[in-house]
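predicted model follows, preceded by the sequence.
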Amino acid sequence: MVDNPLLAAVHGVAQDLRDMRADLTGRMDAMVTRREHDAEVRRLDAEAQSTRDLLLAHEQSADRRLDAQRAEQRAADEQIREQIAEGERRREEAQIAAAERRKADRRWTATWTLGAAAFMVTASTAARAWLG
């Protein structure tokens, strides 16, 4: 084979074609792999963006729920404060009314005590005068 230069050239060209085919096959495999890789990267990026969007929506929803709960809590706190203030007002009114009742009771007792004492003085004076 080595003796025939034409045959050696044909074998050389055939070997070059095999090498080129192997190189092209490797490049095509790499290209497909690169395309698959790029597609996978795009899919993962889209999935990550979707996850970020869902997380943002969840956080915004949680913020809205928290704001609503805080508003409800403030309203409930205000209602409790109003009830406490109303209870204090009623207690003070009851204390004032009780003080007025005690004052009226003392006046009534003093009036009847003085009236009874005056009657006793008058009765004893009349009894002394009548008896003698």
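All right, it came through fine.

and whichever helix or strand Ala117 is part of, what's its mean pLDDT?
Using DSSP states H and E, Ala117 sits in helix 5-131. Averaged across helix 5-131, pLDDT comes to 91.

other SSEs contacting that helix?
With contacts defined as 3 or more C-beta pairs under 8 Å, 6 or more residues apart in numbering; DSSP states H and E, helix 5-131 has no helix or strand neighbours. For every residue, glycine as well, the C-beta is placed using N, CA and C.

any idea how far Glu72 is from the spatially most central residue of the chain?
In the chain, the C-alpha nearest the mean C-alpha coordinate belongs to Leu66, at 2.8 Å (C-alpha atoms, centre = their mean). Distance, Leu66 to Glu72, by C-beta to C-beta, to the nearest Å: 11 Å.

next: Gln79.
The value you get for Gln79 to Glu72, if C-beta to C-beta is used, is 10 Å.

neighbours around Ser50, how many?
Residues lying near Ser50 (other C-beta atoms under 10 Å) number 10.

nope, His11 is what I meant
The tally of other residues near His11 (other C-beta under 10 Å) stands at 13.

same check on Leu55?
10.

next: Ala14.
Per other C-beta under 10 Å, the neighbour tally for Ala14 reads 10.

over to Arg27?
Look at Arg27: counted by other C-beta under 10 Å, it has 11 neighbours.

ok, it to Leu17 distance?
Remark: distance between Arg27 and Leu17 (C-beta to C-beta) = 15 Å.

cool, Glu47 as well?
Distance, Glu47 to Leu17, by C-beta to C-beta: 44 Å.

Thr113 now?
140 Å.

go on, Gly87?
Taking C-beta to C-beta, one finds Gly87 at 102 Å from Leu17.

next: Arg34.
Per C-beta to C-beta, Arg34 is found 25 Å from Leu17.

could you do Gln79 as well?
For Gln79, the distance to Leu17 (C-beta to C-beta) stands at 91 Å.

for Trp112, same thing?
From Trp112 across to Leu17, the span is 139 Å (C-beta to C-beta).
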